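A.B. asks: Provided below are the primary sequence and the corresponding predicted coordinates.
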Amino acid sequence: MWRWKIYFQADKLGKQFKYASKKKIPFVVVRGPDEVEKGLVTIKIMSTGGQKTIPVNQLISYIKGYV
């Protein structure tokens, strides 16, 4: 089962990625002003460092593909 964690502090992305790595969180979902405007999310896969930007309505399907 997935457990979601939300980083509520207004820190730089690098610090948030370090936190995710330390906690062994497999994905980080980024939704900044540019993504919101375009209806997108950016997913960073922590194990590889790769990232992909997709439509927000495909987020659950994309992550389920890794389960």
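C.D. replies: Arrived safely, thanks for sending.

A.B. asks: CA atoms for contacts and neighbours, from now on please.
C.D. replies: Noted.

A.B. asks: sec struct for residue 53, please.
C.D. replies: What DSSP: H, G, I helix; E, B strand; the rest coil gives for residue 53 is strand.

A.B. asks: surely it meets residue 41?
C.D. replies: Yes - counting by Cα atoms under 8 Å, residue 41 is a contact partner of residue 53 at 5.6 Å.

A.B. asks: of the two, who's got more company?
C.D. replies: Per other Cα atoms under 10 Å, whichever of residue 53 and residue 41 has more neighbours is residue 41, with 21 against 15.

A.B. asks: tell me the contacts of the more buried one?
C.D. replies: Applying Cα atoms under 8 Å, 6 or more residues apart in numbering to residue 41 gives the contacts 29-31, 35, 53-56, 59.

A.B. asks: how long is stretch 42-60 end to end?
C.D. replies: Stretch 42-60 has an end-to-end distance of 13 Å (criterion: Cα to Cα, to the nearest Å).

A.B. asks: sorry, slip of the keys, the one I care about is stretch 45-59.
C.D. replies: The straight-line separation of the ends of stretch 45-59 (Cα to Cα) is 13 Å.

A.B. asks: what average pLDDT does that stretch get?
C.D. replies: The average pLDDT for stretch 45-59 rounds to 93.

A.B. asks: buried ones in it, by neighbour count?
C.D. replies: 45-46, 56, 59 (16 or more other Cα atoms under 10 Å).

A.B. asks: return the member of these nearest to residue 7.
C.D. replies: Nearest to residue 7 among the buried residues of stretch 45-59: residue 46, at 15.3 Å, using Cα to Cα.

A.B. asks: coming back round to it: just the buried residues of stretch 45-59: which are in strands?
C.D. replies: residue 45 (DSSP state E).

A.B. asks: can I get the buried residues of stretch 45-59 in TSV including distance to residue 10?
C.D. replies: As requested, the buried residues of stretch 45-59 are exported to TSV (distance: Cα to Cα, whole Å):
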residue	distance to residue 10
45	21
46	20
56	22
59	23
